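Asker: Got a predicted structure here, sequence first:
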Number of protein chains: 2
Amino acid sequence: MQYQNNFTPTISDNELFNEIVKEKEYIGYYNLVNQDTTAFKAYAKDVKQKNIVVIGIGGSTLGTYAIYKFLKHSKNLSKNLYFLETTDPIDIKSKIATINLADTLFVIISKSGTTVETVSIFKYINTLVQVDASNTVVITENDSKLNFYAQSNGMQTFEIPKNVGGRFSVLSAVGLLPLAIVGIDIDEILAGAKDVYNSFFQLCAQDETQVDYHERVLKKARFFTEYRNKFNINVVFSYSSRLEGFNKWYIQLWGESLGKMDSNQSRQGLTPIGIIGPIDQHSFLQLIVGGTRDKTVTVVKVEDFDNHLKIPQITLAGLEELDYLDNVEFSSLINMQADATIESINSFGDIPCDVITITGVNERAVASLMYEYELLTSVCAKFMYINAYDQPGVESGKIILKDKLANK
Amino acid sequence: MQYQNNFTPTISDNELFNEIVKEKEYIGYYNLVNQDTTAFKAYAKDVKQKNIVVIGIGGSTLGTYAIYKFLKHSKNLSKNLYFLETTDPIDIKSKIATINLADTLFVIISKSGTTVETVSIFKYINTLVQVDASNTVVITENDSKLNFYAQSNGMQTFEIPKNVGGRFSVLSAVGLLPLAIVGIDIDEILAGAKDVYNSFFQLCAQDETQVDYHERVLKKARFFTEYRNKFNINVVFSYSSRLEGFNKWYIQLWGESLGKMDSNQSRQGLTPIGIIGPIDQHSFLQLIVGGTRDKTVTVVKVEDFDNHLKIPQITLAGLEELDYLDNVEFSSLINMQADATIESINSFGDIPCDVITITGVNERAVASLMYEYELLTSVCAKFMYINAYDQPGVESGKIILKDKLANK
């Protein structure tokens, strides 16, 4: 008896892990944790300007914004960081109006070097201030046209390696250079990512007090992908306003990596949603617990806000019933709100839910969270037989736009 | 021959419309367009403070924020508007640090009057500044405990009618009072909503130059609900950063209204996603065009930004191929980007997509967009046999939290 098939077979955790180990040889983001940061820190040390304006879009800004937004009120940062990324004219104008351009360093970031939004805004900046090697640094691929421009003008450049995709580039110069300039400890960022890297790739002895990222990532990815037709939506419910940037970065990473044809020409996709507690507890939670069972939920908690802001012991006439709030720290309240949400979700028994708790508002914490999500994305893509690192749908939109502009 | 059934029958457009007309008699938000705004304007005129701080969460802030964010850089507003809504301690502290509290009017908004976040933050404010009738106004239900507090302290109050739900309350005092205070034309807001109201309820003669909201809303709601098991995700893709607040408001309105049990005890839900072009064109668009066909897409365009910011005619060495951008206004560029996205989506032929174009960055435009979405939400709920106006899932989370706090 003979049997022929052209199925792409299902895969064991071990086989899949071995595929990722192979991929690590040619996909660049994995090994960014082992980078030498000397050049970034040396450049950062000499920056005199008070304002740092990143001009870029998508993968060129979202990761940096995520880390900056998480840390900026908890660190004593010496400089201000701004992002110009949209072509909305009102947005460009109102943002620029708040910045002293004479005391600004411009960080121009485009992997391809010819991103329409980035070049448009950069051209506009040229009409407002003298742009030259003293106030501009460029981050791009080594052979891009933007790199040629920078070289022609004697501007310092930093490289985005060819094999590091935009949405996986936060730990390259794209994120580390601007973050180092404003005073964030980029070695701690890499250390946080490396903790996850070591655990996932089983490169260090691990005891029971540490998270086993190998098991955690593989198990979660298997669940998400095996049930993707039932639960086609993956909600990240972050209990800190400081994680708003992380949510946005997650949405890009997940959506752009996991929405495409698989190797059998079947369309696949997992849809990311990022919400913020307790705000969205007053809205989206209804859909999660009351609505169709089509969502997984990952709650992200911050264990130690290092902030002891407290609800005072004050009685308001008529509102005495709320005096149980007195003397509660806001950081305890927000975590109790997270716990109430988790309890509410779990009480139904049919909503897949996991909880990630990060320790402290610091570089290590946010970097470990982000690196875990990068790994999770790569592993989900492997389970789904799709290429996490291309974006044909985005490229086709860009071609249509360029045609429209060229033929206007 | 006999036939018995207990089905809830499907419904014609006309029958459904008649249900909405009946509902209009007891659901309060519909008729807010016919409100007398004299009291709001009279109060607003006398406000001396430069800063207006709204303390509220969810439905008490999102609609106001949506309108303010859309308009603030296009109007010459005399005052600053801030929102304190989260219990994140770092967020509370960093926001308050930027506001001169001595020159601030506090607008305390809670429909129930006992919202944990709102009362907690208000208590904290009491430790920073003397809170009294001179700098505090309260918006709540007439018989709430917060109303009692306000009366006890001689503070002015405005009512949220019992039959106006929080997420449908933007056109009540909740939105109109703070917006009037900062200098936004609230009569124009109501006029924009009333245009849609009149057309939808067929209360005015209509010619071909006007949008027929009656047909548009019914058709769209029927499509969204009939195909809800195939397309369980409804993306709003707004091509202006100014619509970021609108997106957030839409997410609450849609998620909290449409995620629940129907009259046959079957879980229903349509999941809202709000994204911003061109930024998310560099990410989420891949998932839309490349991924599983489980999404409808509504593109929102702004026809006239009333802003002529232009890409200058400058050639950058090496980047000459992008000189086709020269002399293009950013407002044209962003709309060409929207058109390129629409063209890309439509080229696939199997992604449901509609385009809403609003005219100008003004009160009328944003109010008509929001009122259309309120109607669409109500009509979808009717088609799905669910109650758009309750939120049992949110309430159950609140009870768990109160238990945790009381027993801490």
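Answerer: Received the coordinates, thanks.
Asker: wait, does stretch A:238-245 contact chain B?
Answerer: Yes: using Cβ under 8 Å from any Cβ of the partner chain, stretch A:238-245 reaches chain B at A:Ser240, A:Ser241, A:Arg242. To be clear about C-beta, it is placed using only N, CA and C from the backbone, and glycine gets the same treatment.
Asker: Touching that stretch from outside, list them.
Answerer: A:62, A:65-71, A:73-74, A:246-247, A:274-279, A:299-302, A:305, A:334-335, A:337-338, A:341, A:361, B:86, B:88, B:90-91 (Cβ atoms under 8 Å, 6 or more residues apart in numbering or on different chains).
Asker: Send over it as CSV, restricted to the C-alpha atoms.
Answerer: Provided in CSV are the C-alpha atoms of stretch A:238-245 (Å, rounded to 0.1, in the frame of the first residue of the first chain):
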residue,chain,number,x,y,z
SER,A,238,-1.9,46.4,30.5
TYR,A,239,-2.4,47.7,34.0
SER,A,240,-0.4,50.8,33.7
SER,A,241,-0.7,53.9,31.5
ARG,A,242,3.0,53.7,31.2
LEU,A,243,2.5,50.6,29.0
GLU,A,244,0.5,52.4,26.3
GLY,A,245,3.6,52.5,24.0
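Asker: Could you pull out the buried residues of that stretch?
Answerer: Buried residues in stretch A:238-245, counted by 16 or more other Cβ atoms under 10 Å in any protein chain shown: A:Ser238, A:Tyr239, A:Ser240, A:Ser241, A:Arg242, A:Leu243, A:Glu244, A:Gly245.
Asker: Secondary structure added to those, as JSON lines?
Answerer: Conversion of the buried residues of stretch A:238-245 to JSON lines gives the following (DSSP: H, G, I helix; E, B strand; the rest coil):
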{"residue": "A:Ser238", "secondary structure": "strand"}
{"residue": "A:Tyr239", "secondary structure": "coil"}
{"residue": "A:Ser240", "secondary structure": "coil"}
{"residue": "A:Ser241", "secondary structure": "helix"}
{"residue": "A:Arg242", "secondary structure": "helix"}
{"residue": "A:Leu243", "secondary structure": "helix"}
{"residue": "A:Glu244", "secondary structure": "helix"}
{"residue": "A:Gly245", "secondary structure": "helix"}
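Asker: so which two of those are the farthest from each other?
Answerer: Greatest spacing in those, by Cβ to Cβ: A:Tyr239 and A:Gly245 (14.8 Å).
Asker: closest to B:Leu316 among the buried residues of stretch A:238-245?
Answerer: Distance to B:Leu316 across these (Cβ to Cβ) is lowest for A:Gly245, with 29.8 Å.
Asker: and the closest one, how far is that from chain B?
Answerer: 13 Å (Cβ to the nearest Cβ, to the nearest Å).
Asker: Over to A:Ala388?
Answerer: Distance, A:Ala388 to chain B, using Cβ to the nearest Cβ: 11 Å.
Asker: so A:Asn327 makes contact with A:Lys310?
Answerer: Yes: under the criterion of Cβ atoms under 8 Å, A:Asn327 makes contact with A:Lys310 at 6.2 Å.
Asker: the more surrounded of those two?
Answerer: Taking other Cβ atoms under 10 Å in any protein chain shown, A:Asn327 and A:Lys310 do not tie; A:Lys310 has more neighbours (19 against 12).
Asker: Thanks a lot, see you next time.
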